[in-house]
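> Return atomic coordinates for the entry below.
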Amino acid sequence: MRKTLKVRELEIGTNSPKIIVPIVGKHHKEILEKAESLQGMQIDVVEWRADFYEEIDSIERTLALLTALRSALGDIPLLFTFRTEKEGGQRGISMADYTALNIAVAESGQVDLIDVEIFSGDDVVMENIRAIHGAGVLVVGSNHDFHATPPKDELVRRLRKMQDMGADMPKIAVMPTCAADVLTLLAATNEMHERYADRPIITMSMSPQGVISRLAGEVFGSAMTFGAVGQTSAPGQISVDELAQTLDILHKAM
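Numbering: from 1, shown residues only. Okay, the predicted model is just below:
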């Protein structure tokens with residue numbers, strides 16, 4: 001039986017895809033103001049893209065901001081993500097520093113989920129996952145390709161690897177070069193969901209061409225999607241209001 005995932009009061013893997021909104025500010029004040037502005041909106045999870053933060057090199061300042069961010073968000077689940085440069089993020093980082101940052105954040109008790117890039121080396125990934133789980137935090141195992149869409153079998157292989165390594169939610173985002181690439185991503189999502197997944201998965205085809213993948217998760221098996229309030233963190237994200245309305249229309253039709 002395919003499992004759902006409970007994060008605070010949110011159940012992921014049932015009904016419409018749950019909406020994640022990223023915060024991508026550079027400064028302490030900007031980040032907190034954005035968090036406060038999200039209250040009352042139709043969102044389910046907030047992602048802090050910490051690679052945008054100008055003082056991320058200081059774990060002490062990062063944890064202090066994280067505590068304030070947690071307070072500003074109330075009971076909205078919080079996903080912490082340092083997206084590395086090699087997977088489309090704002091800066092590079094050594095794997096030792098990446099691991100130390102993720103572990104410090106997990107042990108702070110301020111976040112509900114942490115993103116771990118699954119192709120950072122198996123030993124690094126397992127060290128991160130074990131420590132994050134040890135702190136009682138869930139793991140989103142991720143992979144991003146901003147240049148192309150791999151074949152369907154390769155997409156499924158990557159998602160299965162994330163699951164096998166213990167990620168609580170496998171996530172993959174790829175770039176389409178044509179409409180057929182979007183169909184490839186949707187077919188891989190459906191196959192993973194129907195044949196292999198025992199937990200929620202997240203998939204998307206980026207850019208405006210792939211926007212249908214951000215809307216049709218309930219049909220093909222993607223349990224979460226990303227929406228924007230102001231600045232986006234990836235190509236093809238649409239506004240939260242439009243996203244929520246469209247997801248609701250599709251859910252009612254199904």
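
> what packs against the worst-scoring helix or strand of the chain on mean pLDDT?
When each helix and strand of the chain is scored by mean pLDDT, DSSP states H and E, strand 238-239 comes last, with a mean of 82. Judged by 3 or more CB pairs under 8 Å, 6 or more residues apart in numbering; DSSP states H and E, the packing partners of strand 238-239 are strand 224-228. Heads up, the C-betas are built off the backbone N, CA and C, glycines and all.

> contacting residues around the strand it packs on?
12, 17-22, 43-45, 47, 169, 171, 200, 202, 204, 214-215, 217, 233-234, 237-240, 243-244, 247 (CB atoms under 8 Å, 6 or more residues apart in numbering).

> Sheet-wise, list the partners of the least confident helix or strand of the chain with their directions.
The strands that strand 238-239 pairs with in its sheet are strand 224-228 (parallel) (by DSSP bridges).

> Quick check: mean pLDDT of the strand it pairs with?
Throughout strand 224-228, pLDDT has a mean value of 92.

> Pull out the buried positions in it.
224, 225, 226, 227, 228 (16 or more other CB atoms under 10 Å).

> I'd like the distance between the fourth one and residue 55.
So the one you mean is residue 227. 27 Å (CB to CB, to the nearest Å).

> Please apply the same query to residue 103.
From residue 103 to residue 55 the distance is 19 Å (CB to CB).

> since we're on residue 86, how many residues are nearby?
Residue 86: 12 surrounding residues under other CB atoms under 10 Å.

> Look at it and report its pLDDT.
Residue 86 is given a pLDDT of 93.

> what do you get for residue 232?
54.

> Same check on residue 236?
57.

> what does the one 10 residues further on give?
At residue 246, the model reports a pLDDT of 92.

> is it fair to say it lies in a helix?
Yes. In this structure, residue 246 lies within a helix as judged by DSSP: H, G, I helix; E, B strand; the rest coil.

> ok, and the closest non-adjacent residue to it?
residue 215 (5.3 Å; CB to CB, 6 or more residues apart in numbering).
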